[in-house]
Structure formats: structure tokens, C-alpha cells
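Asker: When you get a sec, could you give me coordinates for this:
(chains A and B)
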There are 2 protein chains.
Amino acid sequence: MVQNYVRRGARGTAVVGAGLAGVTAARTLADHGLDVVVFEKSRGPGGRMARRSYGAHQFDFGAQYFTVRDPRTRERLPRWIRDGVVAEWPLRLASLRLDGQRPQGLSGLELLQPSEPRFVATPGMTALCKHVANGLELRRRRRVVGLDRTDAGWMVISEATTNGEHSTDEMRVDGPFQHLVLALPAEQAAQLLDLAPDLRSHAAAVCHQPCWAVMLGVAEPLDLPFDGAFVDAGPLRWVARDSSKPGRPSAESWVLHAGPEWSSAHFDDDPADVCRALIETFEHVAGRSTGDPGRFRDKDATELAAGRPPVAAHRWRYSMADDPLDGGSLWDEQLRLGLCGDWCAGSRVEGAFLSGLSIATAILTAVRRSDAP
Amino acid sequence: MVQNYVRRGARGTAVVGAGLAGVTAARTLADHGLDVVVFEKSRGPGGRMARRSYGAHQFDFGAQYFTVRDPRTRERLPRWIRDGVVAEWPLRLASLRLDGQRPQGLSGLELLQPSEPRFVATPGMTALCKHVANGLELRRRRRVVGLDRTDAGWMVISEATTNGEHSTDEMRVDGPFQHLVLALPAEQAAQLLDLAPDLRSHAAAVCHQPCWAVMLGVAEPLDLPFDGAFVDAGPLRWVARDSSKPGRPSAESWVLHAGPEWSSAHFDDDPADVCRALIETFEHVAGRSTGDPGRFRDKDATELAAGRPPVAAHRWRYSMADDPLDGGSLWDEQLRLGLCGDWCAGSRVEGAFLSGLSIATAILTAVRRSDAP
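Answerer: Modelled structure (predicted):
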């Protein structure tokens, strides 16, 4: 099964996962002159900073935006904006509720006074991860399925993936690595932590909620007085007019997110049923038809009919951590093994970034200590 | 079992349920000179327009406020305000979310621009029902358990209740009544509708969600920048500083409402556990301690310790209709049987009022028709 067992001498650091935490950790280490290899199961970096395009329609179907509260992020922000990778999203924000009423049109709507600016990456949320990952050694389409610890360091066992599916006939082992960082959802990290029971117990205490996301293109603009809304109606908890974000194509595109309880209860539902449930609720609270209702009644909602606006669903198995940690990251000095991710830092986009910085700082400190006379 | 079988000749109308819909229907019929008897299982009118006091603390633990959209309500409003039974609640309204973040203090807070004024009854929500019911013939503490239809009209079979519990040794039958109105949650109405399969099928199609409500007194004001907030965090969907409503005692009193999904999943939980879950979430999102956490750890949370601010929970089995009707009311001309309630009119407080008007209008029309030469 194992076709290649590559042993090229102890390199610096392996980072597993190219979401924002992983690429930030890797970028920071690389900027300090360390060798880094990033393993990513998908075709590219991004993780939940995810974008998809169907024809003229484009959707951020995972992370929606980010807010900036920490000085370390505030320091980066002007550069990201200057580089054209981040822009403020001056959205008209609202709250949409049934509020014990059957809404007629938009009677459940109240406008919000945003307490802080919202930022997005451009032209899609993925762009920030790509920007940070630029120039890194990235092993794409490789899912890490096991770790081994030798005297020389960490060995990373991975399988090739095709469209996210594994194919065990392309397994390989890379290493040894002096340091290892798992930048994965807590549950996925825990599965790899047989050799680190302490870290595993920390990761096992965190539980991510699922989230069903629907991408809905509309042919005619809906003429709604908001670009993003917190929703409390049936399955829905959030809707956004993605086409209102800066740098997006103009074809009107909405992302609808279900709440964690509903997403759990309907985790195994057919995507077409999920599309129907979320879109019908959206039409109900918004008091608008979004187009031909038949178009999401296909068996596979991701099968998009040519010439019709797209409708598709994506199931996030690990969306937001229910009870995230707030220490930034977890680092085992003896094992030279670290964990990072938004779940280590408040479950926010900014938290993912800060968590990547945090684990990189831990490694750089360890390196400096071992370099000391 | 049946101690009294009262037969005093066909009277006008029996109304079952003295919530806002029932008392409005009865009041309207009485104002037009019809004989009306109202049956109510509790000690007085109100239904979900419910108020409770513990010492200096007072809580509207059911319906929170109402909005006015229909000309018929708009016409009544100035009179209610002049009579001192209704006042505007100029609340500072907010949205509180975890929003994928572990809040530090109030970082998940955004202020709302209310789209319409909120009104409350004074000195408590119940007052509006009491005001409307004033002077009506009200059979308190009687739960209607069956209906019978004779040639002379409707017979109403009821049991005496003590603290809401039935005692079958005090059953009685009242009637015959020319018209009958069930102003009950759809599920409770359906149970009485064996003789009216058409109406029963309409009622059976409506499903009310449960709602756990927690009443929380605090000794020291919490210094929060809002008086009411839509919440999307764990079990919580709504919190209100009831003591900020007009005409209330000043002792700071909060009502916390759980969402329908959580309330369903935790329907049979111990009230102390419900108090703990809702209060801990409230403290988390508000970034405030609400007092001695031990005080809601009693086995029975409604057992209130002397000298400590109150903490109590109430379980609404029928809170809001999931998919309410919007026709106003349901009337079977042949059976002279009607159904009303907020679930017939959009599931709002105003809907309950309009539904009571609607069924009264149907009866008055039927009476006029039968009086016609």
C-alpha cells in the first residue's frame, strides 16, 4: 500500500491543514527562516474560508466575514487592504425574526446598528488564505491519516485524495519533521493524537457543530433592504447577499446558513430537501419569491441546470466550536507537537489567524531555546 | 361523578378559554347584547398574557409585548392607553449572538433600530385581558373536558381545577348554548372536536411549540445597555428586563426565554436544570454575574428562598404556533361552533385580539341572519 517512504532527513515543521490557522502558522515560521511543509486534503488552501462559483454567481459558503479586535490583526489589516486581498463590507445588517408572527413581507425585520466593521477577503474569502499561503510548500490533495514518532522526529502518513475522497493506493510517509502542527478541527486532530494523550484530551473536550449552507443564485434582484441578516426562523440563522460584498460579480447570489440544532437533526438529509427547507423559509421571512421553485427539487441539488441560476447545498461537518478554548493554541514542548485553529481562540476567523500566530510563536521560542549555547 | 347537570334553557354563547382571544370574543358579543359565559381553567383571565410576582420582583413570563398593525387594534389603542391599561415600552432593543465567537463581555451585542413601537399592558401583561374581561360572566377554575350537542344546543362538560389540576369529583354540565367558541391552543381545541371533524382537521394541522421561561430576579442592577434582546446563543432566544417596562416595580427582574428546539428537547427537564442552563448562557453572553449561582440549584426552582431574589421556571406547553393560520378564525355555520386564538391569526398578541373580534363578528352575523324576517 505504501508506495513511497520518503526519508529526507529531519526538516523543520509539518503543518497539517491549510485553513487560515494552518497557513498563518506556516507563513510565520517560513518568514523566520524555518523549513515548513503544509499538508492539505483539498485542492488548495482555504478550509472554511471557502468560495465557489457557478457561472456568473459566486458564494462564500463557509466563513461569512471577519471582525478585527486584536492589535496583531489590526496591524496586518492595512497591508491586506493595500494588497487588495481584504476590503470592508459596508453591509446593511438586519435582524429577521418570525417573532411569534406570520410575517407579511418583511414585518419581522429590524435594522441593526453594526457595533464594528465587517471585513471580507476579495474576490472571495479563500483569497486571504491563498495570499498568506503564497510561496509555501503545499502538499495538496493529501489527507493525513496517521502520525508516527521516531527518534529523528515526526513522520506524517498521508493518502492521496480525489475530490476529497481517499484512495489508499497512494499512501506515503513524509518526514522526519522536528515539529508538527495540526491545524484541524478538534475532532479531526483528536483522531491523530494517539501518541499525545494530553493534547488529545484537550481536543476531545471541544465539539464543533455542523452547518448546512445553501448557495442560491437569483435571476432577478430581490430588492431587499439588507445585505446580511441574523435570522431566527425555522432552520435559518443567517442569510447574506454575497453579491453585495466588494469585488464580487454582480449576479445576485445569496448564502443561507441553517442553525446548529437544525443542521444536527438534518445532518443526513438529502441536499435537495435541505435546499427546499432553507429557501422556503427564506422566501417566507423575506416575503419574496427567489425564482422557479422546481429548480431545487432535483435529486442532487448540486446538479445545476444550464442557463438557470444555481442552487446548491454544502454540509459543514465542523462549523463552529460549541465551547471553544481561548488560550490561542496548544503546545507540547516535549513532543514538539502543537494544535491550532479557531477552536483554540474563540471560534472566530480572527481567532484562527491569532491561533496560527500563537503556535508559530511557541515553535520559534522552542527553536531559539534549543539554539541557545 | 357529575354532581350538577344544569339546564337553564338555551343561552347565547359559551366561550372556552379566557386568554386575549376568548375575552375579546366574549366582550364583543356582550357589547352587542348577547349572553356570554366564559370558561377558564385558571384563577382568572390572561392565558399566555401572564404575570407573576415574587416579593418586589414582577415578571411577564409569557407574552412579552405587542405591536399594533391593524386598523382595528389601532382604533382601540388610544382608549387602552387613556384607561391606563396599555403603555408604550420604549425599550432599548438589541441583538445578542455568539456569532462564532466566545464573547468577552458584550462583544456579541448590536443595537437594533426598532421598526415599530412595542406596547405592554400595565401593571402586567395580564391586565389587558382583565380589562377586556371586566364584567363578563367568568367561570373560573373550570376545565372543559367535553362537549355534547343536543337539539337545544351545545352542552359544556367541565371539571373543577385546583392550581390547574383537575378534580373529577366536581364535574358539571352547563348549557345548552346556542353558540360555542373554543379560544384554546389548536391542540387543546382539537381534543374537544370529535363532533366537528372538519374544524378538528384544521386545528390538528397547527402545531404549537413549547417554550421554557425563566424568571430571574437580581439584587444589584446588571448595568446592561439594553432592555430586551433577541439572543442566538445556546438555549436562549429572548431576554428582557421586565422591570424596565412602564408601571412595574423597580426591583430588577429578567425574563429569559429558550428557543422552541431547545424547549422541545428539554421539555421534561427538571426546572432547576432549565434555570441553570438559561441563566448560565445569559451570564455568558451578557458578561455579567446575576447573583449567587447556588440559588437556582434547589431541586424545585420555584421554591423561593426568603430574602433572596427569586428564580423560577415555567414551561409553556403551547407557546407559539409553528405554522399559524391567517384567516382570523374558523366558524362552522351549521354547528354554530367557532375556533379562535392567536394561531388563527399569525401567532401574535394582536392576532389573538383580532381573532376574538373575527369569531364574534361571525356569530353576530349568524344571529342577525337568523333574526331576519
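
Asker: A:S264 - that's part of a helix, no?
Answerer: Yes. Following the definition DSSP: H, G, I helix; E, B strand; the rest coil, A:S264 is counted among the residues of a helix.

Asker: Give me the distance between it and A:E75.
Answerer: Counting by C-beta to C-beta, to the nearest Å, the gap between A:S264 and A:E75 amounts to 38 Å. Bear in mind the C-beta positions are built from the backbone N, C-alpha and C, glycine included.

Asker: Could you do A:A362 as well?
Answerer: 20 Å.

Asker: circling back: and A:S264 and A:E75? Which one has more around it.
Answerer: The residue with the greater number of neighbours, taking A:S264 and A:E75 and applying other C-beta atoms under 10 Å in any protein chain shown, is A:S264; the counts read 14 against 10.

Asker: What strand or helix carries A:A21?
Answerer: With elements taken from DSSP states H and E, the one containing A:A21 is helix A:20-31.

Asker: sorry, that was for A:A87
Answerer: Using DSSP H and E, the element containing A:A87 is strand A:86-88.

Asker: next helix or strand past that strand?
Answerer: In the C-terminal direction, the helix or strand that comes right after strand A:86-88 (DSSP H and E) is strand A:93-97.

Asker: Go ahead and name everything in contact with the helix or strand just after that following strand.
Answerer: Tracing the chain C-terminally past strand A:93-97 and defining elements by DSSP H and E, one meets strand A:109-113 next. Residues external to strand A:109-113 that are found in contact with it (C-beta atoms under 8 Å, 6 or more residues apart in numbering or on different chains): A:92-96, A:225-226, A:229-230, B:93, B:95, B:110-115.

Asker: Tell me the buried residues in the longest helix that chain A contains?
Answerer: Under DSSP state H, the helix in chain A containing the largest number of residues is helix A:349-371. Within helix A:349-371, the residues that qualify as buried by neighbour count (16 or more other C-beta atoms under 10 Å in any protein chain shown) are A:349-364, A:366-367.

Asker: hang on, the earlier thing: return the set of buried residues in the strand holding A:A87.
Answerer: By neighbour count, and taking 16+ other C-beta under 10 Å as the criterion, the buried residues in strand A:86-88 are A:86-87.

Asker: tell me what that strand is packed against?
Answerer: Here strand A:86-88 touches helix A:71-82, strand A:119-121, going by 3 or more C-beta pairs under 8 Å, 6 or more residues apart in numbering or on different chains; DSSP states H and E.

Asker: helices or strands next to the longest helix of chain A in the packing?
Answerer: If you count contacts as 3+ C-beta pairs under 8 Å, 6+ apart, helix A:349-371 packs onto helix A:20-31, helix A:71-82, strand A:165-182, strand A:330-332, strand A:337-339.

Asker: Could you check the pLDDT of the residue nearest in space to the middle of chain A?
Answerer: Most central in chain A under C-alpha atoms, centre = their mean is A:R48, positioned 1.3 Å from the mean C-alpha point. Looking at A:R48, its pLDDT reads 97.

Asker: Look at it and give its secondary structure.
Answerer: Reducing the assignment at A:R48 to three states with three-state DSSP gives coil.

Asker: Touching, it and A:S319? I think so.
Answerer: Yes. When contacts are counted by C-beta atoms under 8 Å, A:R48 is listed as touching A:S319 (7.3 Å).

Asker: Overlap in contacts, these two.
Answerer: Common contacts of A:R48 and A:S319, defined by C-beta under 8 Å, 6+ apart, comprise A:G62.

Asker: okay, how far is it across stretch A:134-141, tip to tip?
Answerer: For stretch A:134-141, the first-to-last residue distance is 17 Å (C-alpha to C-alpha, to the nearest Å).

Asker: typo on my end, stretch A:63-79
Answerer: End-to-end span of stretch A:63-79 (C-alpha to C-alpha): 21 Å.

Asker: Run the chain-centre distance for stretch A:76-92.
Answerer: Averaging C-alpha positions (C-alpha atoms, centre = their mean, to the nearest Å) puts stretch A:76-92 18 Å from its chain's average.

Asker: So which bits of that stretch are buried?
Answerer: Result for stretch A:76-92 [16+ other C-beta under 10 Å]: buried residues A:76, A:80, A:85-87, A:89, A:91.

Asker: swap in stretch A:142-152?
Answerer: In terms of neighbour count (16+ other C-beta under 10 Å), stretch A:142-152 has its buried residues at A:142-144, A:147, A:149.

Asker: ditto for stretch A:64-76
Answerer: Of the residues in stretch A:64-76, those scored as buried under the neighbour-count criterion (16+ other C-beta under 10 Å) are A:64-69, A:73, A:76.

Asker: Which residues are in contact with A:L335?
Answerer: Contact analysis of A:L335 by C-beta under 8 Å, 6+ apart lists A:149, A:195-196, A:199.

Asker: In strands only, show me those.
Answerer: In strands, defined here by DSSP state E, the members of those are A:R149.

Asker: now, which of the contacts of A:L335 sits nearest B:C344?
Answerer: Top of the list for closeness to B:C344, among the contacts of A:L335 and by C-beta to C-beta, is A:L199 at 57.4 Å.

Asker: can you list the residues of the stretch 251-373 of chain A near chain B?
Answerer: A:259, A:261-262, A:265, A:320, A:324, A:326, A:342, A:346-349, A:351 (C-beta under 8 Å from any C-beta of the partner chain).

Asker: Now do stretch A:239-247: distance from first to last residue.
Answerer: In terms of C-alpha to C-alpha, the two terminal residues of stretch A:239-247 are separated by 19 Å.

Asker: what about it, distance to the chain center?
Answerer: Stretch A:239-247 sits 17 Å away from the centroid of its parent chain (C-alpha atoms, centre = their mean).

Asker: go on, stretch A:228-235?
Answerer: Going by C-alpha atoms, centre = their mean, the spacing between the C-alpha centre of stretch A:228-235 and its chain's C-alpha centre is 21 Å.

Asker: and it, which residues are buried?
Answerer: Across stretch A:228-235, burial judged by 16+ other C-beta under 10 Å covers A:228-235.

Asker: what's in contact with it?
Answerer: Contacts to stretch A:228-235, defined as C-beta under 8 Å, 6+ apart, come from residues A:64-65, A:91-99, A:108-109, A:112, A:118, A:212, A:237-241, A:244, A:258-259, A:262-263, A:266, A:277-278, A:281-282, A:284-285, B:95, B:97, B:99, B:230, B:232, B:237, B:259.

Asker: remind me which residues of chain A are low pLDDT?
Answerer: For chain A, residues meeting the criterion pLDDT under 70 lie at A:1-10, A:99-105, A:163-169, A:293-307, A:372-373.

Asker: and if we set it to 50?
Answerer: Where chain A drops to pLDDT under 50, the residues are A:1-9, A:164, A:297-301, A:303.

Asker: Against chain B, how distant is A:A127?
Answerer: Applying C-beta to the nearest C-beta, to the nearest Å, the value for A:A127 to chain B is 20 Å.

Asker: Keep only those of the buried residues of stretch A:64-76 that are in helices.
Answerer: Using DSSP H, the buried residues of stretch A:64-76 in helices are A:73, A:76.

Asker: Which one of the buried residues of stretch A:64-76 is nearest to chain B?
Answerer: Of all the buried residues of stretch A:64-76, the one sitting nearest chain B is A:R69; the distance, using C-beta to the nearest C-beta, is 7.3 Å.

Asker: Apart from its neighbours in sequence, what residue is nearest the closest one?
Answerer: Nearest-residue entry for A:R69: A:E350, 6.4 Å, with adjacent residues in sequence omitted and distances by C-beta to C-beta, 6 or more residues apart in numbering or on different chains.

Asker: So what are the sheet partners of the helix or strand that contains A:V38 and their directions?
Answerer: Element membership of A:V38, judged by DSSP H and E, is strand A:36-39. In the sheet containing strand A:36-39, the strands it pairs with under DSSP bridges are strand A:11-16 (parallel), strand A:137-139 (parallel).
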